[in-house]
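Enquirer: Need coordinates for the below:
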Amino acid sequence: MDYKTYKCSVPEYIKGSLLYLIIICTVAYFFYRSVWAAIILLPGIYFFFKIYKNNLKISRQKKLLLEFSETLNSVSINIKAGYALENGFVEAYKDMRMFYGEKSLMAEEILRIRKGLELNVTLEELMTDLGERSGLEDIILFSGVLKSAKRNGGNITEVLSTSSVRVRSKICVDNEIELIIAEKKLEMRIMEIVPFFILVYLGITSKGYFDILYIGIKSRLFMTACLVVYVAAVLLSTRITNIEI
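Expert: Numbering: from 1, shown residues only. A predicted model of the protein is given here:
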């Protein structure tokens, strides 16, 4: 599996398509009051799915990194129990299956490693392959350190423990940041939908109040400018709250 790209499943495609349909219908009603606007916006689903897939890819990579950290910890324990490094990785499958299920990312990767070892592929090559496919700096760095330690006779147990602690620390910091900005993200989402509630309220209490905004070319251009400003504000706020470590 190449973790740098994401292929949506059928349910994910259906969910994404329905979400985009809701978005364009909302935009068409509040900014244009026209069905044609929704039809014109339909091709935008291509760009929507690029963002949609990227978000799913990032979530999967975070899950892989967490499971990888647990795998290193399990391998370290197995080595201390007397297993060789390669067998330590194979035995870690039991822990991954117990903690995350047999369909989990690292459980499947460990099975891949086991098959590779059976075909006389070295563990260093298998970990390098995982690092390249993952697109994660921590796994790539670990594969390089592992290769160097195996080649120069380094302390493998120490390498595993240090790498596991470092990845865990990064995950903890990431979670702390998410917790700190969670309130701000909630406020951001509320501010994004408040204008629509205001429009609905005024539309109910003062019928015809906004009719002038949907008549004539100038009005259409003005509402288009409002839409551009609104989208820009949403993208900017999302970028501000997306903090990468």
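Enquirer: so where's the longest helix in the chain?
Expert: Taking DSSP state H as the criterion, the chain has its longest helix at helix 156-205.
Enquirer: for that helix, packing partners?
Expert: helix 45-80, helix 137-152, helix 217-241 (3 or more CB pairs under 8 Å, 6 or more residues apart in numbering; DSSP states H and E). Quick note: C-beta positions are derived from backbone N, CA and C, even for glycine.
Enquirer: which one of the ones you listed has the lowest average pLDDT?
Expert: Least confident of the helices and strands packed on helix 156-205, judged by mean pLDDT, is helix 137-152 with a mean of 79.
Enquirer: Please point out which parts of it sit buried.
Expert: Neighbour-count burial for helix 137-152, with 16 or more other CB atoms under 10 Å as criterion, is recorded at 138-140, 142-143, 145-147, 149-150.
Enquirer: Can you give me the distance of residue 221 to residue 199?
Expert: 19 Å (CB to CB, to the nearest Å).
Enquirer: Ignore what I typed, I meant residue 114.
Expert: In this view, residue 114 and residue 199 are 58 Å apart by CB to CB.
Enquirer: Repeat that for residue 35.
Expert: From residue 35 to residue 199 the distance is 18 Å (CB to CB).
Enquirer: for residue 193, same thing?
Expert: Shown here: residue 193 relative to residue 199, a distance of 11 Å by CB to CB.
Enquirer: Out of those two, name the residue with the larger neighbour count.
Expert: Comparing residue 193 with residue 199 by neighbour count (other CB atoms under 10 Å), the higher total belongs to residue 199, at 16 against 10.
Enquirer: and the residue lying closest to that one once chain neighbours are set aside, what pLDDT?
Expert: Closest residue to residue 199 apart from its sequence neighbours, by CB to CB, 6 or more residues apart in numbering: residue 30 at 5.7 Å. Residue 30 carries a pLDDT value of 87.
Enquirer: could you check the distance from residue 30 over to residue 119?
Expert: The spacing between residue 30 and residue 119, counted by CB to CB, is 59 Å.
Enquirer: Please identify which of these two sits among more neighbours.
Expert: The neighbour count for residue 30 versus residue 119, taken as other CB under 10 Å, is higher for residue 30 (19 against 7).
Enquirer: Does that one touch residue 196 like I think?
Expert: Yes. Counting by CB atoms under 8 Å, residue 30 does reach residue 196; the two are 6.0 Å apart.
Enquirer: Any chance of TSV for the helices and strands packed on helix 156-205, columns distance to residue 98?
Expert: Formatted as TSV, the helices and strands packed on helix 156-205 follow (distance: least, CB to CB, whole Å):
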stretch	distance to residue 98
helix 45-80	10
helix 137-152	22
helix 217-241	35
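Enquirer: quick one: which of those helices is nearest residue 169?
Expert: Smallest distance to residue 169 across these (CB to CB): 9.6 Å, for helix 45-80.
Enquirer: How about the closest one, which residues are buried there?
Expert: By 16+ other CB under 10 Å, the buried positions in helix 45-80 come out as 45, 48-49, 52-53, 56-57, 61, 64-79.
Enquirer: ok now it, how far from the chain's centre?
Expert: With CA atoms, centre = their mean, to the nearest Å as the basis, helix 45-80 stands 8 Å off its chain's centre.
Enquirer: Measure how the host helix or strand of residue 131 sits relative to helix 137-152, angle-wise.
Expert: For residue 131, the enclosing helix or strand under DSSP states H and E is helix 123-134. Counting by axes from the mean of the first three to the mean of the last three CA atoms, to 10 degrees, helix 123-134 lies at 160 degrees to helix 137-152.
Enquirer: Helix 123-134 - what's its average pLDDT?
Expert: For helix 123-134, mean pLDDT is 88.
Enquirer: now could you export just the CA positions of that helix as PDB?
Expert: The C-alpha coordinates for helix 123-134 follow below in PDB (Å, rounded to 0.1, in the frame of the first residue of the first chain):
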ATOM      1  CA  LEU A 123      14.600  -6.600   7.300                       C
ATOM      2  CA  GLU A 124      16.500  -3.400   6.400                       C
ATOM      3  CA  GLU A 125      15.200  -3.500   2.800                       C
ATOM      4  CA  LEU A 126      11.600  -4.200   4.000                       C
ATOM      5  CA  MET A 127      11.700  -1.300   6.500                       C
ATOM      6  CA  THR A 128      13.200   1.000   3.800                       C
ATOM      7  CA  ASP A 129      10.300   0.000   1.500                       C
ATOM      8  CA  LEU A 130       7.800   0.800   4.300                       C
ATOM      9  CA  GLY A 131       9.400   4.200   4.900                       C
ATOM     10  CA  GLU A 132       9.300   5.100   1.200                       C
ATOM     11  CA  ARG A 133       5.700   4.000   0.900                       C
ATOM     12  CA  SER A 134       4.600   5.700   4.200                       C
END
